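Participant: This is a predicted model, with the sequence first.
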Amino acid sequence: LHGLTQIMYDGAPDYPAPDRWWELVEKYGVTIFYTAPTAIRMHMKFGEKWAKKHDLSSLRILGTVGEPINPEAWRWYHEVIGGGRCPIIDTWWQTETGGFMISPAAIDLVPLKAGSATFPLPGVHAEVVDEDGKPVKPFERGYLVLLAPWPGMLMTLWRDPERYRDVYWSKFQPNESLEFKIKPPAIYYTGDYAMKDKEGYFWLMGRADDVIKVAGHRIGTAELESAFVSHPAVAEAAVIGKPDPIKGESIVAFVILKSGYEPSDELRDELRMHIRKTIGPVATPEAIFFVSSLPKTRSGKIMRRLLKAVVSGSKLGDVTTLEDASSIEEAKRAVEMLRKAMGEKS
């Protein structure tokens, strides 16, 4: 309809070689490249050399979607893939929203910040609120909500209108501290954490139910994983909570190292200290497992519940969306090896 060409391919992004994407970009003159942060971090693990083998000068816009992008991955994407010239259009949206909601507008670009989705698009009224539905202060984590209906939104759930109201429209009640553009006022609950900075930029922080409660402190898995990736040795990380009789939950991390780094007890201790300094002593991981891959869906989302099952020794459950079964076997071996080294029983 608009004279655009979309390129599709079959198989994995790193087979037969880690530069498969960059080869396609060069061969077909791709101008807009849109992917998920987890894929960007995977390519960070391989290093810059694979991208530098190809001419990526045709690219003019880079996009990211599916989960919050940590600043380190944003910068790598911008500099190595975009050559420092391509804007990154970080898009927040949901299947339920029917389209982008918070994102830089490519035709009227605002100054970008590494890791921020910037501002709601025109006509989208978003806010970050606390447990009482009141706006939080800058740099405070809260719940991302939408304060007005929008074109393309979901209208109901199939044969379950009551659940639609309960899940999306009932968590928060309108109050005088919020500004509503449309009457009657209503608050759509996205289920995501976010914060705003002093300039009003939105920073997405992952699902509100992806939270680990350690000694009364609620810590988001996205926050922890971003802290791990901020260490120069770490390409990617997945964090889960493990039941703890004293603290309620303890933190367990599965970590992929960048090319040139090797697993060691010294590096494990260094990463623990890095998390203590970055987030605080309460976030100190109980265990860190080094792996070469993480269990993900075919769309690139980390399947943390499978890692929880591996650590607890429980059944995996449904694995039909798992892209690579070998990642689970590797996680099992990593857990078993560390337990043996610490003299624990399986």
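Facilitator: Cool, got the structure.
Participant: which regions of the chain lie under the pLDDT threshold?
Facilitator: The model of the chain has pLDDT under 70 over residues 1, 342-346.
Participant: How is it divided into domains?
Facilitator: Per the record, the chain has its domains at 20-90, 126-206, 211-341, by automatic domain parsing.
Participant: Turn those domains into CSV, including mean neighbour count.
Facilitator: Where you see a C-beta, it was placed from the backbone N, CA and C, and this is true even at glycine. Formatted as CSV, the domains of the chain follow (neighbours: other Cβ atoms under 10 Å):
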stretch, mean neighbour count
domain 20-90, 18
domain 126-206, 15
domain 211-341, 17
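Participant: just the strands in the stretch 151-300 of the chain please.
Facilitator: For the stretch 151-300 of the chain, strands defined by DSSP state E, counting those that start in this stretch occupy the ranges 188-196, 202-207, 211-214, 217-220, 234-244, 248-257, 287-290.
Participant: Strand partners (parallel or antiparallel) of the longest one?
Facilitator: Pointing back at strand 234-244 there. strand 248-257 (antiparallel) (DSSP bridges).
Participant: what residues are up against the residue nearest to V234 when sequence neighbours are not counted?
Facilitator: Excluding the flanking residues, the one nearest V234 by Cβ to Cβ, 6 or more residues apart in numbering is F228, at 5.0 Å. By Cβ atoms under 8 Å, 6 or more residues apart in numbering, F228 lies in contact with 234, 237, 239, 253, 255, 271, 274-275.
Participant: and the closest residue to P243 other than its chain neighbours, what does it touch?
Facilitator: Nearest-residue entry for P243: E249, 6.3 Å, with adjacent residues in sequence omitted and distances by Cβ to Cβ, 6+ apart. Counting by Cβ under 8 Å, 6+ apart, E249 touches 212-214, 241-243.
Participant: what residues does stretch 184-200 touch?
Facilitator: Taking Cβ under 8 Å, 6+ apart as the rule, stretch 184-200 contacts 92, 94, 113, 116, 119, 128, 133, 136, 138-149, 153, 167-174, 178, 202-209, 220, 222.
Participant: what do you get for stretch 295-303?
Facilitator: Contacts of stretch 295-303 (Cβ under 8 Å, 6+ apart): 35-36, 38-39, 66-67, 238, 294, 306-307, 321-324, 327-328, 331.
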